[in-house]
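1. Got a sequence here, can you model it:
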Amino acid sequence: MSFGHILNQLHETKTIESLIHIDNWLDQQLLKADSYVKTGETEASIQLLEKLQSTKPIPVEQTIIHGDCTSDNVLVVDGEVRLFIDDLG
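-> Below is the predicted model:
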């Protein structure tokens, strides 16, 4: 199995119920960013934040992703990628 194929399988996996976000994740992140900009906790400008808010993509169905997907995080047997491995630490 190729690296791309197993990554595609991961992205098509149904999200585990305990990991499902009820609220829109991107909206939550933009609210945090708004707070950071207003309190000076970031070098980003209000203009950048407003641009991000006005051009945000439409919501998509939540999926499982691998945030550190590299060749170091897969098990290869006989030249084929078999499964993802990872250090949670």
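2. and the closest residue to residue 71 other than its chain neighbours, how many neighbours does it have?
-> Distances taken as C-beta to C-beta, 6 or more residues apart in numbering place residue 3 nearest to residue 71, at 7.2 Å, with adjacent residues excluded. No exception for glycine: its C-beta is placed from N, CA and C like everyone else's. Using other C-beta atoms under 10 Å, residue 3 has 14 other residues around it.
3. Output the below-cut-off pLDDT ranges for the chain.
-> 1, 87-89 (pLDDT under 70).
4. any idea where the helices of it begin and end?
-> Counting by DSSP state H, the chain has helices at residues 3-11, 25-38, 46-54.
5. ok, residues contacting the longest one?
-> For helix 25-38, the surrounding residues in contact (C-beta atoms under 8 Å, 6 or more residues apart in numbering) are 21, 41-42, 44-46, 49, 52-53, 56-57, 59, 62.
6. Stretch 70-82 too?
-> Residues from elsewhere that reach stretch 70-82 (C-beta under 8 Å, 6+ apart): 1, 2, 3, 5, 6, 66, 83, 84, 85, 86.
7. Next, give phi and psi for the most far-flung residue of the chain relative to its centre.
-> For the chain, the residue at maximal distance from the C-alpha centroid (C-alpha atoms, centre = their mean) is residue 78, at 30.2 Å. The phi/psi pair for residue 78 (degrees, to the nearest 10) reads phi 50, psi 40.
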